[in-house]
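Trainee: sequence isn't available, so here's the structure alone:
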């Protein structure tokens, strides 16, 4: 089921927002115009991911070689520093088995939604999350 | 004894039917000047001029990066000041939210425990103890203070313990795990004697800067090593308490290992037990099997609890240590905080979880 969570303009690129939809707390991220949504609850002990810092990664193919990349695409839990890929919800340390729930997020035209919820603000676009 | 009432708190585990006692909360001063009301003019001057000087090469800050700023949860910063420096914020985020019935305060830094300057450490311990009462315990009846002692001056430490004996606002003596001599050294015996006389258990919290590297091969390079090596440095501590005869000499002494882990404790005891029959002529005064001393007199706290992939391995360790010897600890507000709802795994039988959450601590501390 789709939920309108915010006007696009309210979550500029690089920003995020904690929203509540369908009884779930979800963090919505804007990565350079692309939107992603993760459950706010860290799968480890339940820390609120919305309160954690967003960062990139220092990656190392082998000892002695390091590079920094993916700036702004990794969220780190404010408690035990578990890191998750904002694009997929997969954890950095065990991506196959440990992940935070990721929900599809997209932008939909205000016109397309007008009949349902916001009949007045037809000129705006909205971020939409599917739960 | 306090009456433990179940309270409606969203973050309280349902299994905490014998109360929720957190044996590891770290209050901080808003600034080092908070201690000044209880320091002499000379010591205030010393504090402001020289500050705290731990026994390691980094006079400002710590040698490792501590994972998060001030080693704290990133959501534990109040609007003003540092984590756990604001009672109202601590109440809202920790005590009320999790429904903590009793919280044990373990002031870590900055307290000048183990400072290079003994007279300063002595003065600061007194000030930190008074500060705990005035700032925390007198303002929230759920909180209990620890007797912070200048442990590198054991005679002065014993005086501080005797001064606080019988004051139910204090529930234990606080030592750091890394001291300038192995902790069983006779140098420290006045502390053990005074604690036993005062009927106060001794909480030994991981950390402290002793002047020695924490490994027996020199200084580790990374924080992950420091955090992990607490387990090995505590093994030396337990060996020392047993072999130097501290637990035999002070049989009513109760030791709580806080934030040291505990998965290693059975193997230390097994190794000591193996060697004792062969080598006990070195130690004619030792009458109890080392493992018996450990099981009689040592308690452990949960955070950070070992998380082996197979639950039965943890259950084996816990049952060897003794289900009545394990105490819940949150480590609030530090980054490796354990939420009581998730920290004690549900594969542990419910009655034992209830004891870990509260029953054991109430018995040990007499809450």
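Mentor: Sure, I can see it. A quick note: this is a predicted structure, and the numbers were derived from the prediction, not measured. Residues are numbered from 1 along each chain as shown, chains lettered A, B, ... in the order given.
Trainee: got any ranges where chain B has weak pLDDT?
Mentor: Within chain B, the stretches with pLDDT under 70 are B:1-7, B:59.
Trainee: can you map out the helices along it?
Mentor: Ranges of helices within chain B are B:41-50, B:87-90, B:118-132, B:154-164, B:189-197, B:223-243, B:246-249, B:265-279, B:290-297, B:311-321, B:340-343, B:350-354, B:360-365, based on DSSP state H.
Trainee: got a list of what residue B:200 touches?
Mentor: By CB atoms under 8 Å, 6 or more residues apart in numbering or on different chains, the residues touching residue B:200 are B:147, B:161, B:164, B:165, B:170, B:171, B:172, B:173. (Glycine included, C-beta is placed from N, CA and C.)
Trainee: roughly how far does residue A:33 sit from chain B?
Mentor: In this view, residue A:33 and chain B are 27 Å apart by CB to the nearest CB, to the nearest Å.
Trainee: for that residue, give me phi and psi.
Mentor: Phi and psi for residue A:33, reported as degrees, to the nearest 10, are phi 100, psi -20.
Trainee: quick one on the thing from earlier: turn the helices of chain B into TSV, columns for distance to residue A:35 and mean neighbour count.
Mentor: Shown next, in TSV, are the helices of chain B (distance: least, CB to CB, whole Å; neighbours: other CB atoms under 10 Å in any protein chain shown):
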stretch	distance to residue A:35	mean neighbour count
helix B:41-50	52	14
helix B:87-90	33	17
helix B:118-132	48	22
helix B:154-164	58	20
helix B:189-197	59	21
helix B:223-243	35	19
helix B:246-249	61	20
helix B:265-279	49	15
helix B:290-297	56	20
helix B:311-321	39	16
helix B:340-343	30	20
helix B:350-354	41	18
helix B:360-365	47	20
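Trainee: mind putting the ones you listed in JSON lines, distance to residue B:97 included?
Mentor: Formatted as JSON lines, the helices of chain B follow (distance: least, CB to CB, whole Å):
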{"stretch": "helix B:41-50", "distance to residue B:97": "34"}
{"stretch": "helix B:87-90", "distance to residue B:97": "10"}
{"stretch": "helix B:118-132", "distance to residue B:97": "22"}
{"stretch": "helix B:154-164", "distance to residue B:97": "30"}
{"stretch": "helix B:189-197", "distance to residue B:97": "33"}
{"stretch": "helix B:223-243", "distance to residue B:97": "26"}
{"stretch": "helix B:246-249", "distance to residue B:97": "38"}
{"stretch": "helix B:265-279", "distance to residue B:97": "32"}
{"stretch": "helix B:290-297", "distance to residue B:97": "34"}
{"stretch": "helix B:311-321", "distance to residue B:97": "27"}
{"stretch": "helix B:340-343", "distance to residue B:97": "10"}
{"stretch": "helix B:350-354", "distance to residue B:97": "19"}
{"stretch": "helix B:360-365", "distance to residue B:97": "19"}
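Trainee: got the contact list for residue A:44?
Mentor: By CB under 8 Å, 6+ apart, the contact list for residue A:44 reads A:77, A:79, A:80, A:82, B:342.
Trainee: among the contacts of residue B:200, name the buried ones.
Mentor: Restricting these to buried positions leaves B:147, B:161, B:164, B:170, B:171, B:172, B:173, with burial counted as 16 or more other CB atoms under 10 Å in any protein chain shown.
Trainee: out of everything not next to it in sequence, what's closest to the second one?
Mentor: Distances taken as CB to CB, 6 or more residues apart in numbering or on different chains put residue B:194 closest to residue B:161, at 4.0 Å, once the chain neighbours are dropped.
Trainee: biggest separation within the buried ones among the contacts of residue B:200, which pair?
Mentor: Greatest spatial distance among the buried ones among the contacts of residue B:200 (CB to CB): B:161 and B:171, at 12.5 Å.
Trainee: distance of the residue positioned nearest the centre of chain B relative to residue B:148?
Mentor: Nearest to the geometric centre of chain B sits residue B:205, at 3.1 Å (CA atoms, centre = their mean). Distance from residue B:205 to residue B:148, counting by CB to CB, to the nearest Å: 11 Å.
Trainee: any shared contact partners between the two?
Mentor: What both residue B:205 and residue B:148 touch, as defined by CB under 8 Å, 6+ apart, is the set residue B:174.
Trainee: report pLDDT for the most far-flung residue of chain A relative to its centre.
Mentor: Ranked by distance from the centre of chain A (CA atoms, centre = their mean), the top residue is residue A:64, with 32.3 Å. In this model, residue A:64 is scored at 92, pLDDT.
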